[in-house]
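>>> Can you look at this prediction? I've put the sequence above it.
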Amino acid sequence: MTMMNKPDNQNDPKKENLEPEGKFRDDPTESDESDVYTIHDRIVSREKGEPDEGFEPTPWWVWTISVLVLFAMGFYLGKYSGTFGTIAHEVEMPPRPAEERVEREVRGDQLYAGMCQPCHGSDGMGTPGRYPPLVGSRWVTDDAETPARIVLFGLEGPIQVLGQTYNEQMDHFAHRLNDREVAAVVNFIRTSWGNDAPEIEPERVAELREEHEGRGRWRASELQALRNNQQ
Ligand code: HEC
């Protein structure tokens, strides 16, 4: 019967505040305070016991992927790093023979554009009454020596070009153009805009330069005389 009655006593508000006989309320062994410590200790000890995440073993697949990535990076560096030498960034130029290099620097069309075009025009037609045309002019196309002589030492006085008379001055280029350049520009005017005459060699230009060294501008009559002598 007593065991059965006990739960009933706890729920009964009248019996709740009743103290057992001979016991004091502030007895440390039985007080509410000691219960709080016991409960608290139980909670704290449970929290301490929780496992630490940092010490879990790394999964096998993480190791596998890491090793594969390292291998891939090593392979890439081995193939493309170029041993990290500075030479990897230098552009390799194929060696060119000296002969070809000189040929490339001397361009008749470029020399014409820079030296002759201002007066004789990009189409070689000159300026009527002022600068004679080079297109179809026999001073250009007959013999190769005549235009070379004009370019080397200049020209002045009356000259007939395609039925028109000019009486102007053209300066000499002997001091500005070397033999190769004179040959290149003469060959350009002899083979452009429909002109089609054989080329002159730089060696022949060198001979003419030496032959007439120190002279002033040509007159058309002098050039005509030299031309007649050659034929
Ligand atoms: C500053 C203007 C000027 C420049 C630059 C010039 N010439 Fe002339 N050129 C003339 C004049 C002017 C004449 C005619 C001279 C005369 O009346 O006697 C002439 C005449 C000629 C002639 C003979 C006439 C003819 O038309 O066939 C040739 C060839 C010639 N020049 C070629 C050249 C070449 C090649 C260059 C460039 C390397 C050149 N000239 C640069 C003004 C120029």
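Received the coordinates, thanks.

>>> Near the ligand, which residues of this protein are found?
Within the chain, the residues that sit near the ligand (C-beta under 6 Å from any ligand atom) are 115-116, 118-120, 131-134, 137, 139-140, 147, 150-151, 155-157, 159, 161, 166-170, 173, 185, 189. (Glycine included, C-beta is placed from N, CA and C.)

>>> switch the cut-off to 5 Å
Within the chain, the positions adjacent to the ligand are 115-116, 119, 131-132, 137, 139-140, 147, 150-151, 155, 159, 161, 166, 168, 170 by C-beta under 5 Å from any ligand atom.

>>> tell me which helix or strand of this structure sits lowest on mean pLDDT?
helix 2-11 (a mean of 47; mean pLDDT, DSSP states H and E).

>>> Pull the distance from the helix or strand harbouring residue 69 to the chain's centre.
Residue 69 belongs to helix 60-80 when assigned by DSSP states H and E. Offset of helix 60-80 from its chain centre (C-alpha atoms, centre = their mean, to the nearest Å): 33 Å.

>>> neighbouring contacts of that helix?
Taking contacts as C-beta atoms under 8 Å, 6 or more residues apart in numbering, no residue outside helix 60-80 touches it.

>>> I'd like to know how far residue 73 sits from residue 93.
Separation of residue 73 from residue 93 (C-beta to C-beta, to the nearest Å) stands at 33 Å.

>>> who has more neighbours, the two?
Neighbour count, other C-beta atoms under 10 Å: between residue 73 and residue 93, residue 73 has more, with 10 against 6.

>>> Distance check, the more buried one against residue 186.
64 Å.

>>> hey, where'd the helices end up in this structure?
For the chain, the helices defined by DSSP state H occupy 2-11, 32-48, 60-80, 98-105, 108-115, 117-120, 138-141, 145-153, 179-190, 202-211, 220-230.
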